[in-house]
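Peer 1: generate a structure from the sequence data that follows.
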Amino acid sequence: MASEPKRRHSKARKRTRRAAIKLAINLVTCKNCSKLTLPHVVCKECGFYGGKAVTAKQKVKVTKA
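Peer 2: Residues are numbered from 1 along each chain as shown. Prediction:
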């Protein structure tokens, strides 16, 4: 005999259960500046990805056109 749930779970209960699965985030250290960053994402501190400079850190002045 197959086991079936007695009552239906509400959408809120289901979503809170599934949200807890996504809470754990794996962080890796940047090879250039040794800061913690997300994997497969450009480092926000130094702009390096995979040992190469991807973005140049420059301050841009915003002027009205």
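Peer 1: spell out for me which residue occupies the centre of the chain.
Peer 2: When CA atoms, centre = their mean is applied to the chain, the residue found nearest the centroid is residue 38 (5.9 Å).
Peer 1: now do the contacts for that one.
Peer 2: By CB atoms under 8 Å, 6 or more residues apart in numbering, residue 38 lies in contact with 25, 27-28. C-beta coordinates here come from the backbone N, C-alpha and C atoms, glycine included.
Peer 1: by neighbours, which of the residues you listed wins?
Peer 2: Neighbour counts for the contacts of residue 38 peak at residue 28, which has 12 neighbours (criterion: other CB atoms under 10 Å).
Peer 1: show me what it is bridged to.
Peer 2: Note on residue 28: beta-bridge partners by DSSP bridges are residue 37.
Peer 1: contacts only, for it.
Peer 2: With contacts defined as CB under 8 Å, 6+ apart, residue 28 is in contact with 36-39.
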